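*Asks:* Pasted the sequence and its predicted model underneath.
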Amino acid sequence: MTNTTLPRQLVRVAAALAIVAAPLALAGCSATPAASTQDSTSAVSLGSRWGDCMRDAGFDVEDPSDDQVRSGTVVAPSGVDRERFDRAAQHCGAELGVKPADTAQQDKWKRQYAAVDSCVRERYPDAPEQRPGVVDYSGYPRAQEPEFDETLSACIAEHAPDTRQLDH
């Protein structure tokens, strides 16, 4: 299952389907990290450990939820060097034993997200066309409207049923 994040404080649909944080996103991630040793760090959440790793890499990030790390739905902060962030996120995920989704699953998500975008643009024709594997309406002014959020949610339910939205 893919998780999506809808940040309510910023734009309810910004980076919603999260194939936006490339290494953890386009890679998607399997639901189970590799087994870890039973030491003092095992009691710390996966999201907290990922956040620590990213801060050590020089990024000012908040700790994501464990589900966001496992599913690859961690969103890059605005204004960061995207390539550097993606490399660090990939490294941190690998360090924590998060396994990327296979190519077939990634292709499935790309097709689903293209259908979600088409569905949204039927009702909002002025919405920006999305890049393959991405649904991110953060720059779209109407994305903050509750009606847009309802449309996006309905399109996700219809075209990407294995995607679950997470409130952030």
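*Replies:* That came through fine. Keep in mind the model is a prediction, meaning the values are calculated, not measured.
*Asks:* any weak-confidence spans in this protein?
*Replies:* The model of the chain has pLDDT under 70 over residues 1-43, 164-168.
*Asks:* So which elements touch the longest helix along it?
*Replies:* Secondary structure assigned by DSSP state H gives helix 103-123 as the longest helix of the chain. Helix 103-123 makes packing contacts with helix 146-159 when contacts are defined by 3 or more CB pairs under 8 Å, 6 or more residues apart in numbering; DSSP states H and E. Where you see a C-beta, it was placed from the backbone N, CA and C, and this is true even at glycine.
*Asks:* packing partners for the helix it packs on?
*Replies:* helix 103-123, strand 163-167.
*Asks:* and Ser153, which of these is closest to it?
*Replies:* Taking CB to CB, strand 163-167 is the member of the helices and strands packed on helix 146-159 nearest to Ser153, at 6.8 Å.
*Asks:* Do I have it right that Pro128 meets Tyr140?
*Replies:* Yes - contact criterion CB atoms under 8 Å: Pro128 and Tyr140 qualify, at 5.8 Å.
*Asks:* Those two - which one has more neighbours?
*Replies:* Taking other CB atoms under 10 Å, Pro128 and Tyr140 do not tie; Tyr140 has more neighbours (18 against 14).
*Asks:* Backbone dihedrals for the more buried one, please?
*Replies:* Backbone torsions for Tyr140, taken as degrees, to the nearest 10, come to phi -90, psi 120.
*Asks:* Contacts only, for Pro132.
*Replies:* Neighbouring residues of Pro132 by CB atoms under 8 Å, 6 or more residues apart in numbering: Lys110, Tyr113, Ala114.
*Asks:* can you count the residues close to the second one?
*Replies:* Think Tyr113. 28.
*Asks:* Leaving out sequence neighbours, find the closest residue to it.
*Replies:* Of all residues beyond its chain neighbours, the one nearest Tyr113 is Val135 (4.9 Å), with distances taken as CB to CB, 6 or more residues apart in numbering.
*Asks:* Next one: that neighbour from Glu129, what distance?
*Replies:* Using CB to CB, to the nearest Å, we find Val135 at a distance of 11 Å from Glu129.
*Asks:* joint contacts of the two?
*Replies:* Asp117.
*Asks:* more crowded one of those two?
*Replies:* Neighbour totals were compared for Val135 and Glu129, and Val135 leads with 26 against 8 (other CB under 10 Å).
*Asks:* show me where the chain has strands.
*Replies:* Here the chain has its strands, by DSSP state E, at 2-6, 163-167.
*Asks:* With distance to Gln144 added, can I get the helices and strands packed on helix 146-159 in TSV?
*Replies:* TSV is the format used below for the helices and strands packed on helix 146-159 (distance: least, CB to CB, whole Å):
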stretch	distance to Gln144
helix 103-123	14
strand 163-167	15
